[in-house]
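A.B. asks: Test case, fold it:
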Amino acid sequence: METFTSLFFAFTGALNFVRYALWALFPLGTVILLFARLAKSPPDYALSNAVWWASVVFLAVVGSVLALGIAAIGKDRNFAYPVFQLLFVAGPALLACLVSVFLRPPALS
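C.D. replies: Predicted coordinates:
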């Protein structure tokens, strides 16, 4: 459990270090995907596809770490604070990524 706790704190600390970039870039990515979906002349497909995949990967990685953290609360109640901290740090980016998952860019024809 000590190794998992150390890795969890390291992951949360790394995300906390780039928190404001996450809060700005992933919502910006969601705007790019909305523009790609709704605009008459969408932006480059490669950019939209890269933004979509980045959102999916971030959502999968952070979501799985959050799920592991929630499972760890069952063994150690003191683990609730780091899970809440991770949710606070990654929360806005997670919401933007969740919206982005449903905005996959249309395939080239």
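A.B. asks: which strands and helices sit next to the longest helix along the chain?
C.D. replies: The longest helix of the chain (DSSP state H) is helix 45-73. Under the contact definition 3 or more Cβ pairs under 8 Å, 6 or more residues apart in numbering; DSSP states H and E, helix 45-73 sits against helix 2-17, helix 19-38, helix 80-101. Every C-beta, even on glycine, is put in place using the N, C-alpha and C of the backbone.
A.B. asks: of all these, which lies closest to Ala107?
C.D. replies: The closest of the helices and strands packed on helix 45-73 to Ala107 is helix 19-38. By Cβ to Cβ, the value is 11.7 Å.
A.B. asks: How about residues contacting that closest one?
C.D. replies: If you take Cβ atoms under 8 Å, 6 or more residues apart in numbering as the criterion, helix 19-38 is touched by 15, 42-43, 45, 47-48, 51-52, 54-55, 58, 89-90, 92-93, 96-97, 99-100, 103-106.
A.B. asks: shaky segments in the chain?
C.D. replies: For the chain, applying pLDDT under 70 flags the ranges 42-43, 108-109.
A.B. asks: Phe26: how many residues sit nearby?
C.D. replies: 25 (other Cβ atoms under 10 Å).
A.B. asks: Reformat the helices and strands packed on helix 45-73 into CSV and put distance to Ala72 next to each item.
C.D. replies: Listed next are the helices and strands packed on helix 45-73 as CSV, based on distance: least, Cβ to Cβ, whole Å:
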stretch, distance to Ala72
helix 2-17, 7
helix 19-38, 22
helix 80-101, 8
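A.B. asks: And those: which comes nearest Ala67?
C.D. replies: That would be helix 80-101 among those, by Cβ to Cβ, at 9.8 Å.
A.B. asks: report the angle between the axes of that closest one and helix 45-73?
C.D. replies: 150 degrees (axes from the mean of the first three to the mean of the last three Cα atoms, to 10 degrees).
A.B. asks: Alright, that wraps it up for me.
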